[in-house]
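In: Sharing a model that was predicted from the sequence below.
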Amino acid sequence: MKIWHIVNVVVAQFLLCLLIPNDLFGFKTVWKMHINGYEWKESGVFPRLTTCDIAIRQYSGEIGDRIKHEQTQCFLAANNYIEKVFFWTWIIFVVLFFINLYSLCNWSWKIWNSKIIVQQYIEERLEKEQSKETLAEYANLLLPDARFTILMVAAQSHEMIGAADLVTGYMEWKNIRY
């Protein structure tokens, strides 16, 4: 699921940046505008001024109406708004990408080291010193899905709740075992 969030942000960023020519993920545009200090007017990415062809109908007495074509300068007010929306949406997508990447790495590390985390939870909650071998044996006894469930309970509520369930299970296992 975490990988899907990262793929979702990358695809959304790609679709957003399809609007800008010659710029895959918008880095070049944002770099030029905000890091190098270029104005949007100078970049040509979101032009504010352009030329418009206007057809004007003029009445000319005996000939009738005639159409006169003129070129004038037009202000594109929508591009003022669009450039701000693009910039803030781009920033939000980049921030979401890094948050999701951090979350994926964090959970991967927790799952990879779940035996050690289970042992630490138990050691921190018990008053007497426990033997490392007994703790390691209990951590190996728990299947990966049980360790993952304990990590999820600890992450969604509080570490104390997940650890309390873990310590209770450990004490019951130890009483039966010894």
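Out: Arrived safely, thanks for sending.

In: What are the neighbouring residues in contact with the residue nearest the centre of the chain?
Out: Nearest to the mean C-alpha position of the chain, counting by Cα atoms, centre = their mean, stands residue 96 at 1.9 Å. Contact criterion Cβ atoms under 8 Å, 6 or more residues apart in numbering gives 5, 9 as the residues in contact with residue 96. Every residue, glycine included, has its C-beta placed from N, CA and C.

In: Give me the phi and psi for it.
Out: Main-chain dihedrals, residue 96, degrees, to the nearest 10: phi -60, psi -40.

In: now residue 127
Out: Dihedral angles (degrees, to the nearest 10) for residue 127: phi -80, psi -40.

In: Quick check, pLDDT for it.
Out: pLDDT, residue 127: 70.

In: what about residue 106, neighbour count?
Out: 12 (other Cβ atoms under 10 Å).

In: same thing with the one 3 residues further on?
Out: By other Cβ under 10 Å, the residues close to residue 109 number 11.

In: what about it, helix or strand, and which?
Out: helix 77-112 (DSSP states H and E).

In: Need the contact partners of the helix or strand following that helix.
Out: Downstream of helix 77-112, the first helix or strand assigned by DSSP H and E is helix 114-125. Helix 114-125 is contacted from outside by 110, 130, 132, 135-136, 138-140, 142, 144, 147-148, 150-151, 154, 159, 162-164, 166-167, 170, using Cβ under 8 Å, 6+ apart.

In: Need the CA coordinates for stretch 167-178. CSV is fine.
Out: Written as CSV, here are the backbone C-alpha positions of stretch 167-178 (Å, rounded to 0.1, in the frame of the first residue of the first chain):
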residue,chain,number,x,y,z
VAL,A,167,4.4,-8.8,27.6
THR,A,168,1.2,-10.6,28.7
GLY,A,169,1.8,-13.2,26.0
TYR,A,170,5.4,-13.5,26.9
MET,A,171,4.7,-14.1,30.6
GLU,A,172,2.0,-16.7,29.8
TRP,A,173,4.4,-18.5,27.5
LYS,A,174,7.2,-18.3,30.1
ASN,A,175,4.9,-19.7,32.8
ILE,A,176,3.8,-22.6,30.6
ARG,A,177,7.4,-23.3,29.4
TYR,A,178,9.2,-23.2,32.7
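
In: Fine by me, thanks again.
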